[in-house]
Structures are given as C-alpha cells and as structure tokens.
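>>> What shape does this take:
(one chain, ligands or ions: 1)
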Amino acid sequence: MTVRDYSRYLTPETLAEEEAAWERQGDQPMHAALVTAALPHPAATVVEWGCGTGRVAAKLPDEVIYHGVDANPLCLALARERRPSGIFHPRDLRGAAGLVPDADLICAFAVFKHFAWEEWPWLCLQFLSVAPRAIFSQAIGPLEDTGDSFVHQFVPLKTVHAVIKAAGHRVSHAAPPRPGDPEWIFQSERCG
Ligand SMILES: C[S@@+](CC[C@H](N)C(=O)[O-])C[C@H]1O[C@@H](n2cnc3c(N)ncnc32)[C@H](O)[C@@H]1O
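From the prediction side, this is the model:
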C-alpha cells in the first residue's frame, strides 16, 4: 500500500517511541555528524527531506542555513522548536524538488523506505537534483515489520547505484551503519 497522507503518520506517542529507538541504536548523533562532516563550508545551505521532528536539524551547526521539508504538521511544529532559525516547508515530498532552494547538500534519513517501489526511482532522482552533495539512508533489504500500515519498502543495491548514476552523481560512500542493518547510508556527489 502506498501512503499518500502523511499528515497523520506520527502521533506524539509514536514520535517519542521512534526517537527512543534512534537513541538506543546510536543513530541520534550519527546522522547529524555525517551531514556536518560533509558541509562544503560552515554557512552551507542544507535541505532535509522528511525532516520529521528536527532530530538532525537540532544538531547541525548554527551557521548552517537549514531547510526542512515534511508533510506532517505535528513533526514540523516540533522541528521548529528545535531549530528556530530553520525554514520549514509543510509539503509532500512528491513535487518538493522545485520548491526548495538549490542547496549545497541534501539529506534524508529513514524517509525513502516509505515510498512504494514504483515511486522510488523518480523520487530519488528529484532528491538528487537539488544539490551537488547528498546523504541519505536507503533500505536495500527487508526491514523489520513494525506492524504499522506504512510502506517499508526496500530497493536492491544495484538499483540504488543505477539511479544515483542516472542522476549524474557518483557514490562516495555506501555501507550499513552497523553490520547487518538493511538500511544503508549512501553519500554521493555530482560528477564533473
Ligand atoms: C521515519 S520518519 C524520519 C524522520 C526524520 N528523517 C528522522 O530521521 O528523524 C519519516 C518522515 O518522513 C516524512 N514523510 C514520509 N513520506 C512523506 C511524504 N510523501 N512527504 C513528506 N514527508 C513525508 C514523515 O512525515 C516523517 O516525518
């Protein structure tokens, strides 16, 4: 099933649970640290797709010009509290590419798994068109069934590589954050 309305995706309770899981896994600091390390300069413009509650936004350096896009208003309200200087875009990611500024870096964590297989290549191409550097997590194997009704889609590794290449990017990093994790971290840069 493809979920089209993400405005009811998370409740305060599920948000709290999700963040606790991130904390346990050690992902809380890891994603923001990856983005910070990849900044081309301290005042770079960063766009985050599916920014959720601002978990990553909160930990980026103050100088960063940060834009967060998410369809869930509850998430965005929390993200705004966590990063008051951030610019937040309440909208569906389908079609968001033309509506956010060109950025130095674009990132997305735990987002692409929510898109159905048919939508994923187009969405990933749109995502990579926004910036010359990208960091995103992408499931390349089956994810644990969380019992909710949302898509938990994976994409074969060779397909991820093919779409990154088709977007005119080259992969600079592709690995799981920990052995056996099906949701890998990909980093790419525009060629030429
Ligand atoms: C698992 S949460 C991850 C949140 C955040 N990236 C993080 O790592 O903490 C997935 C996020 O993607 C957003 N999302 C999923 N599909 C979306 C869509 N079609 N348009 C906009 N946001 C979407 C959800 O609202 C949610 O905030």
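
>>> now Cys191: how far from Ala103?
Distance of Cys191 to Ala103, given as CB to CB, to the nearest Å: 18 Å. In short, each C-beta sits where N, CA and C put it, glycine included.

>>> So which residues of the chain form helices?
According to DSSP state H, the chain carries its helices in the segments 12-25, 27-38, 73-82, 120-129, 157-166.

>>> For the ligand, which of these is the nearest?
With CB to the nearest ligand atom as the measure, helix 73-82 is the member of these nearest the ligand (4.5 Å).

>>> Just confirm yes or no for the closest one near the ligand.
Yes. Counting by CB under 6 Å from any ligand atom, contacts between helix 73-82 and the ligand involve Cys75.

>>> pLDDT on that helix, on average?
Helix 73-82 shows a mean pLDDT of 89.

>>> Could you check that helix and say which residues are buried?
Buried residues in helix 73-82, counted by 16 or more other CB atoms under 10 Å: 74-76, 78-80, 82.

>>> wait, which of these is closest to Pro29?
Among these, Arg82 lies closest to Pro29 (CB to CB), at 14.4 Å.

>>> what's near enough to touch that closest one?
Counting by CB atoms under 8 Å, 6 or more residues apart in numbering, Arg82 touches 53-55, 57-58.

>>> If we use 6 Å, what do you get?
Contact analysis of Arg82 by CB atoms under 6 Å, 6 or more residues apart in numbering lists 54, 58.

>>> closest point of the protein to the ligand, which residue?
Gly52 (2.6 Å).

>>> so how far is Arg83 from that residue?
Taken as CB to CB, the span from Gly52 to Arg83 is 12 Å.

>>> more neighbours, these two?
Neighbours were counted for Gly52 and for Arg83 using other CB atoms under 10 Å; Gly52 has more, 25 against 20.

>>> Give me the below-cutoff pLDDT ranges for this structure.
1-12, 26-28, 145-151 (pLDDT under 70).

>>> which parts of the chain sit against the ligand?
6, 9, 50-52, 55, 70-72, 75, 92-94, 109-111, 114.

>>> Name only those of those residues that count as buried.
Neighbour-count burial (16+ other CB under 10 Å) applied to the residues of the chain next to the ligand gives 6, 9, 50-52, 55, 70-72, 75, 93, 109-111, 114.
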